[in-house]
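Novice: this one's structure only:
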């Protein structure tokens, strides 16, 4: 086994993946994100992530920011629909210093009123900046189509109105209801002995009391496809097309990951890129994505092009989806698609920070971590018939939603 896991009495899991390098990476991953917010509290999980860096029982903001930066380390955090993650990269000898900071941020933040108000202003600027980027804004609006009237369909940043209304009580209530110690993983990748890591983590995290509140994570309800065009103050047209998709536990998850990579994934040789950008020259950016979540998933295709070319681009995308639904892939074609995807996964392992976050997520999601060979076996088992079945389910034209942003002058 190329990794080791230890569970502290309070439920926090410690994950070590040994790696011979002078540089180490660590994260603390919390199974709590924007989907856990109550109605009207949009942006709360993200606001908390910002405020964790503001003031704790033993450090002020400057001390928090300097604690790792003064030794040349990198510290950051992010919030997703389902997770909050704090991560750091540093020289090997600074592991204790980094983990001590993680513990302070997650368990001893004070959330002073003056910092809450200050950070709200920062986030309002972030929302305004986001709205100025139509390629980002359209993705959020499209998720609202897929998960209408559900927290998964709301913007992680929140809205100006919702962020302005958030209070310190909201923050403390959210943490009390969602930060379960048995749904936290401290992930470490570096040149360390596991027994020493256990002792270090017992010293840093061992006194944290177990916290296991009952979370209310609701599954999304009925999905109704929508097709909509909106006029915006933009110069180029943008479009997103897609459907709800498989969860992390679905038997066809690897199959759809493979289909997504073949259709519009990494690299210039995807079907959509070859057909729409290379052959017809009508979209500078075209890509697809599949995001599996704990109880559902999202598949989408994004493209940006000149307004007068958008309808043709949409027709060409539908044509490619129709091919996948109706034409069975040849064995050689499928083998090449698998080979490309497996190679990309293997290369991605070289990004060690992303790797330890990914392994920590796997531990949270499944309670275990499969070796790469197991994932490769699952990909290699995907059949031509399975791809046809997946395409007919996910790319069913009657189930596809489409959102287009077009220039107001058109």
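Specialist: Received, thanks. What you see is a predicted model; the values in this text were computed from it and never measured.

Novice: list the contacts for residue 167?
Specialist: residue 116 (Cβ atoms under 8 Å, 6 or more residues apart in numbering). The C-beta positions use only the backbone N, C-alpha and C, and glycine is treated the same way.

Novice: Look up the pLDDT of it for me, please.
Specialist: Model confidence at residue 167, given as pLDDT, is 97.

Novice: remind me which residues of the protein are low pLDDT?
Specialist: 1, 410 (pLDDT under 70).

Novice: all strands in the protein, in order from the N-terminus.
Specialist: Taking DSSP state E to define them, one finds strands in the chain at 4-7, 13-18, 23-30, 74-79, 84-91, 184-190, 227-232, 237-245, 285-292, 297-305, 401-407.

Novice: possible to save those as TSV with mean neighbour count?
Specialist: TSV is the format used below for the strands of the chain (neighbours: other Cβ atoms under 10 Å):
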stretch	mean neighbour count
strand 4-7	15
strand 13-18	21
strand 23-30	24
strand 74-79	16
strand 84-91	21
strand 184-190	25
strand 227-232	13
strand 237-245	23
strand 285-292	19
strand 297-305	23
strand 401-407	20
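
Novice: can these go into a markdown table with extra columns for distance to residue 129?
Specialist: Converted to a markdown table, the strands of the chain look like this (distance: least, Cβ to Cβ, whole Å):
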| stretch | distance to residue 129 |
| --- | --- |
| strand 4-7 | 39 |
| strand 13-18 | 35 |
| strand 23-30 | 26 |
| strand 74-79 | 16 |
| strand 84-91 | 21 |
| strand 184-190 | 30 |
| strand 227-232 | 16 |
| strand 237-245 | 17 |
| strand 285-292 | 19 |
| strand 297-305 | 18 |
| strand 401-407 | 17 |
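
Novice: any idea how far the residue nearest to the spatial centre of the chain is from residue 198?
Specialist: In the chain, the residue lying closest to the centroid (Cα atoms, centre = their mean) is residue 80, at 5.3 Å. As judged by Cβ to Cβ, to the nearest Å, residue 80 and residue 198 stand 29 Å apart.

Novice: that older thread, mind checking the strands of the chain for the one nearest to residue 65?
Specialist: Of all the strands of the chain, it is strand 74-79 that lies closest to residue 65, at 7.7 Å by Cβ to Cβ.

Novice: Give me the residues contacting the closest one.
Specialist: Residues outside strand 74-79 that contact it (Cβ under 8 Å, 6+ apart): 33-34, 45-46, 49, 52-53, 65, 67-69, 84-90, 98, 101, 156.

Novice: isn't residue 4 right up against residue 195?
Specialist: No - applying Cβ atoms under 8 Å, one finds residue 4 not in contact with residue 195, separated by 9.4 Å.

Novice: ok, for the residue nearest to the centre of the chain, nearest residue in space, not its chain neighbours?
Specialist: Excluding the flanking residues, the one nearest residue 80 by Cβ to Cβ, 6 or more residues apart in numbering is residue 33, at 5.0 Å.

Novice: For the one you found, grab the count of nearby residues.
Specialist: Per other Cβ atoms under 10 Å, the neighbour tally for residue 33 reads 24.

Novice: picking that back up, so which of the strands of the chain is nearest residue 331?
Specialist: Relative to residue 331, the nearest member of the strands of the chain by Cβ to Cβ is strand 285-292, separated by 23.4 Å.

Novice: who does the closest one touch, helix- and strand-wise?
Specialist: strand 237-245, helix 253-264, helix 271-272, strand 297-305 (3 or more Cβ pairs under 8 Å, 6 or more residues apart in numbering; DSSP states H and E).
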